[in-house]
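Trainee: return atomic coordinates for the entry below.
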Amino acid sequence: MSIRPQLIILSGLPGTGKTTIARHLSKQLWLCYLRVDCVEASFRQHDPDAGSEGEGYQALIHLARENLNIGNSVLIDTVNPMHLTRSWFRELADTCNACLYQFELKVKDIQLHRQRVENRQSDLTGLKVPSWSDVCQRDYGAWDEALALSQCLKILQSPK
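Mentor: The predicted structure follows:
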């Protein structure tokens with residue numbers, strides 16, 4: 001009996017700690033770490049409008065599929081704002097026979113969230129960090145399927 005790879009999606013608005021947590025979990029749990037910002041920043045160096053049609057998500061899905069198909073578990077760091085993109089990850093898990101865990105990260109303290117967004121600096125060439133106004137005005141669909149971060153840690157640390 002083979003162990004199914006895990007597809008873990010850390011989602012949430014900018015400034016919620018996705019990248020910090022994703023990097024830590026990936027290192028601790030030996031997961032392939034994929035960040036949509038890296039893909040989209042590369043695209044935007046060649047075309048400033050790139051990524052507006054989901055190209056970054058599609059590239060990420062192709063990279064994740066390659067890893068899942070050889071048995072590697074994957075952690076994806078992405079805002080994942082729409083039900084459509086969330087369904088793409090469900091389809092990916094199904095086609096690769098992977099266990100899917102989607103987590104939405106939130107900062108309940110609005111002032112803290114705002115401070116985090118306003119103090120953020122880009123760590124990638126070509127990545128423009130959003131303003132607080134951008135974050136507040138972002139089209140972001142409510143989550144039905146996400147697990148809480150406390151559930152995330154329990155699931156990821158449990159024996160397979």
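
Trainee: okay, now the nearest residue to Val107 once chain neighbours are set aside: neighbour count?
Mentor: Residue nearest to Val107 in three dimensions, not counting chain neighbours: His113, with 3.8 Å by C-beta to C-beta, 6 or more residues apart in numbering. C-beta here means a position set from N, CA and C on the backbone, and glycine is covered the same way. Per other C-beta atoms under 10 Å, the neighbour tally for His113 reads 20.

Trainee: likewise for Leu75?
Mentor: Considering only other C-beta under 10 Å, Leu75 is surrounded by 24 other residues.

Trainee: can you pull the phi/psi pair for it?
Mentor: Backbone torsions for Leu75, taken as degrees, to the nearest 10, come to phi -120, psi 120.

Trainee: report the contact partners of it.
Mentor: Listed by C-beta atoms under 8 Å, 6 or more residues apart in numbering, the contact set of Leu75 reads Ile8, Ile9, Leu10, Ala22, Leu25, Ser26, Leu29, Leu31, Cys32, Tyr33, Leu34.

Trainee: let's see 10 Å
Mentor: By C-beta atoms under 10 Å, 6 or more residues apart in numbering, the contact set of Leu75 is 6-10, 21-23, 25-26, 29, 31-35, 64, 101, 103, 156.

Trainee: could you pull out the helices for this structure?
Mentor: All helices of the chain, identified by DSSP state H, fall at 18-29, 36-46, 55-69, 83-95, 110-118, 132-137, 149-157.

Trainee: confidence score at the spatially closest residue to Leu68 that is not a sequence neighbour?
Mentor: Computed as C-beta to C-beta, 6+ apart, the closest residue to Leu68 that is not its neighbour in sequence is Cys96, at 3.8 Å. Cys96 carries a pLDDT value of 98.
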